[in-house]
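Engineer: Curious how this folds, go ahead:
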Amino acid sequence: MTKPHDVPQSDSGRNPPKDWLNRTVIGAGITSSLGDFCHETTTVILPGLLAVLGIPAAALGLIEGIADAVAAFTRMVSGFIADKLGHRKLLVLIGYALTPIGQILLALSTAWSMLLVGRTVSWFGKGLRGPLRDAIVIQAVTPETRGRAFGLHRAADTIGAVIGPLLGVALLGWAQGLHWNSNAGPFRLILWLSIIPGTLAVIAFLTLVRDPEHSPNPALKFFTSIRNLPARFKRYLGAVAIFGIGDFSHSLLILGATSLLSASLGVVRAAQIAGMLYVWRNLVQVAVSFPIGVVADRVGHLPVLITGYVLGALTAGLTMLAFWLKIDSIPLLAGIFFIAGLYVAVQEALESTVTAEMVQSDTLAMSYGALGTVNGTAKFISSATVGTLWTIASPVIGFGLAALWMTAGAFALNRVKKH
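Structural biologist: Numbers count the residues shown, from 1 in each chain. You can find the predicted model right below:
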């Protein structure tokens, strides 16, 4: 017999707007677009910066892994505080403000340890804002339109992730013609310029987004709430964790393309091409995010998410083969980034909607925090492991192990669907 807390009641006492394309959804999309413009520019610039500084892949894996872990635990705490106090918008604003602050620290960095601090500050802000922003969006639409609302939001989010890196790569090429005291100079210039959209993101969220009414829950207890999460949702988190242990940061995918192309193109030119491949990945994500949301609303969110996990395993497996065969073909690498864009679009659009189907509305933000914590912790393990294995053994081993974990995660998620 099903226990009461195993039956998700995702509707709140407040009736969400009938029109899913409302001010909150649009405003959150614009804000996320500007925010991604800021920090995704760093994602595409950072591997090249580390390459010209001679910093190994293990350091990049550690930087991205620690940043993911910090963001993960921040998501859990921010979600709990928001559900307990009923205040979300202020915390989201602080989270967006930390991104340009992190960019400043990155631009001033002279060692990889300083890069770690700057990246961690930015991702702390990302962890703080993520579950609360998602909770605001999910309560601004009806359950029947969540897939398309999140699909549109992720598409808008990724537009910034396309424009930012694209402009960053273009400016990087222009800046190469200027006089610099070191090869790192052009990369630092891009980091300084990325502060502008980060600041605009704060202004956009402040002025455009309305937080739906959310009553405080002062009696909410952290560990009690964790224990009382629905059993099916806990199994879902387990599947997400297994997949996440293989879901490495795509900064390593960019570094992989840079490494494969460097022999024939040189490091700086290879970094530019790798950056453009990442832009291509993001373009794919923009194009398919909304259609994926619509399809998921019709056929079910969980089955489509399983398909996305399979595509993730395929991405890691093909990257492994690229290193094994020493592929330096730009079209073939573009194919890997294309599949990566597909799986990320599914993952980012649907993991949150599946969560909303499984939990109570009064712990929605905290449940998103739990999802983010599991994802971030697993990504820390994945990025650190892939980067370390790349450095001490071979990228073939690192990406091959990632593919195995992601495949296991897809199987685990399929078991959640059946039960």
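
Engineer: Any regions of the stretch 1-150 of the chain where pLDDT drops low?
Structural biologist: Scanning the stretch 1-150 of the chain for pLDDT under 70 picks out 1-19, 83-87.

Engineer: can you give me the helices in it?
Structural biologist: 23-53, 57-85, 89-107, 112-138, 146-175 (DSSP state H, counting those that start in this stretch).

Engineer: Of these, which is nearest Ala231?
Structural biologist: helix 57-85 (19.0 Å; Cβ to Cβ). Yep, even glycine has a C-beta here, placed from its N, CA and C like the rest.

Engineer: List the buried residues in the closest one.
Structural biologist: In terms of neighbour count (16 or more other Cβ atoms under 10 Å), helix 57-85 has its buried residues at 57-84.

Engineer: Counting by contacts, list what that helix packs against.
Structural biologist: Counting contacts by 3 or more Cβ pairs under 8 Å, 6 or more residues apart in numbering; DSSP states H and E, helix 57-85 is packed against helix 23-53, helix 89-107, helix 112-138, helix 222-227, helix 250-265, helix 364-392.

Engineer: and it, how far out from the chain's middle?
Structural biologist: Relative to its parent chain, helix 57-85 has a centroid offset of 11 Å by Cα atoms, centre = their mean, to the nearest Å.

Engineer: ok, back up a step: would you format the helices of the stretch 1-150 of the chain as a markdown table with distance to Ala345 included?
Structural biologist: Below are the helices of the stretch 1-150 of the chain laid out as a markdown table (distance: least, Cβ to Cβ, whole Å):
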| stretch | distance to Ala345 |
| --- | --- |
| helix 23-53 | 14 |
| helix 57-85 | 19 |
| helix 89-107 | 22 |
| helix 112-138 | 16 |
| helix 146-175 | 7 |
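
Engineer: list the contacts for the most centrally placed residue in the chain?
Structural biologist: Among the residues of the chain, Glu348 comes closest to the average C-alpha position under Cα atoms, centre = their mean, at 7.1 Å. Glu348 makes contact with 154, 157, 285, 289, according to Cβ atoms under 8 Å, 6 or more residues apart in numbering.

Engineer: Also Tyr343?
Structural biologist: 308-309, 311-312, 314-315.

Engineer: Would you mind saying which of the helices and strands packed on helix 57-85 lies nearest Ala175?
Structural biologist: helix 23-53 (11.0 Å).

Engineer: Which strands and helices lie in contact with that closest one?
Structural biologist: helix 57-85, helix 89-107, helix 112-138, helix 146-175, helix 185-193, helix 195-208, helix 250-265, helix 267-299.
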